[in-house]
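> all I have is the shape, not the residue letters:
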């Protein structure tokens, strides 16, 4: 009885925690004026859109805890009728959800004039933007200072190999600023061979020659070697290993519990 009460309290705390997380996430999504008043970079991360995934996780946690509580309640005879109705309601919700997904996938017409009939054509090239691309620079850098530049210096994306551009480039002579087609800030993109001055008003990088002169310059553009990016890689790996460890621990615990029940049954029969 003590173990049963402890389990019920654990399920209740888990349900309350998931419900509180769900409420906080929804509040953060609808509170757009709050994010508009936050300093950089929090006011550019688009939290109202990025938090939808975590709302899904919170709802999944609520359903999981509710299903576990339902499983325990099914053992009590006086709860069987209620449990049956709840199961029917859960099944109906699943059917409606799957039906809406199928309807949304096949019935509505979401094609535009620039849309592709064959989805494989969208990603035909890793360096050519598809004609259906509609973003106008939501992820361009806005942290660097704005610098005016009248001369262009464009890099061919098809010459990027393995996330790295390494080539001698015909750079205009002199130390005047040069407008590039690179949108990443120094925290994402590292450039050598040229001096970074800042960005234009649209977030494109502005550079100049390192030394006054003329002729080709050896330019290397690659991912920034920052501690933040390295920390992101490490954190992602650790998160994946944690998920695997939790799954293996859960399976091992369930197998031990089943083994203990089986041994107890054999002793009772003996």
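Yep, that arrived. These numbers were taken from a predicted model, which means no experiment stands behind them.

> buried ones in stretch 8-21?
14, 15, 18, 21 (16 or more other Cβ atoms under 10 Å). Using the backbone N, CA and C atoms, a C-beta is placed for each residue, glycine as well.

> closest one of those to residue 170?
In terms of Cβ to Cβ, no member of these lies closer to residue 170 than residue 21, at 55.3 Å.

> quick check on that closest one: phi, psi?
Backbone geometry at residue 21, expressed as degrees, to the nearest 10, gives phi -60, psi -40.

> mind checking how far it is from residue 57?
Going from residue 21 to residue 57 by Cβ to Cβ, to the nearest Å gives 9 Å.

> one more: residue 188?
The gap separating residue 188 from residue 57 is 27 Å, by Cβ to Cβ.

> repeat for residue 177
For residue 177, the distance to residue 57 equals 46 Å [Cβ to Cβ].

> output the lowest mean pLDDT helix or strand found in this structure.
Within the chain, confidence by mean pLDDT, DSSP states H and E is lowest for helix 47-50 among all helices and strands, at a mean of 72.

> what about stretch 24-44, distance to the chain center?
Centroid separation between stretch 24-44 and its chain, computed with Cα atoms, centre = their mean, to the nearest Å, is 17 Å.

> I misspoke; the intended subject was stretch 232-246.
Worked out by Cα atoms, centre = their mean, stretch 232-246 lies 15 Å from the chain centre.

> cool, and stretch 129-146?
Relative to the chain's own centre, stretch 129-146 is displaced by 18 Å; criterion: Cα atoms, centre = their mean.

> quick check, residue 142 in contact with residue 204.
No: in terms of Cβ atoms under 8 Å, residue 142 does not count as a neighbour of residue 204; the distance is 11.2 Å.

> excluding sequence neighbours, find me the nearest residue to residue 182.
Among residues not flanking residue 182 along the chain, residue 205 sits closest, at 4.2 Å (Cβ to Cβ, 6 or more residues apart in numbering).

> I meant residue 163, not that one.
With sequence-adjacent residues excluded and distances taken as Cβ to Cβ, 6+ apart, residue 163 is closest to residue 223, at 5.8 Å.

> what pairs with the one you found across the strands?
With DSSP bridges as the criterion, residue 223 is bridged to residue 189.

> give me the number of residues near it?
By other Cβ atoms under 10 Å, 12 other residues sit near residue 223.

> contact partners for it?
163, 188, 189, 190, 229 (Cβ atoms under 8 Å, 6 or more residues apart in numbering).

> where do the helices of the stretch 151-270 of the chain begin and end?
Along the stretch 151-270 of the chain, the stretches classed as helices by DSSP state H, counting those that start in this stretch are 227-269.

> okay, now the unreliable bits of it?
Along the stretch 151-270 of the chain, the parts satisfying pLDDT under 70 run over 260-270.

> highest neighbour count among the contacts of residue 223?
The most crowded member of these, judged by other Cβ under 10 Å, is residue 189 (17 neighbours).

> picking that back up, what about the buried residues of stretch 8-21, which are in helices?
Residues of these located in helices (DSSP state H): 14, 15, 18, 21.

> which one is the second one nearest to, not counting chain neighbours?
Going back to what we said before, that points to residue 15. Among residues not flanking residue 15 along the chain, residue 65 sits closest, at 4.5 Å (Cβ to Cβ, 6+ apart).

> same deal with the last one?
Nearest residue to residue 21 in three dimensions, chain neighbours excluded: residue 58, at 4.8 Å (Cβ to Cβ, 6+ apart).
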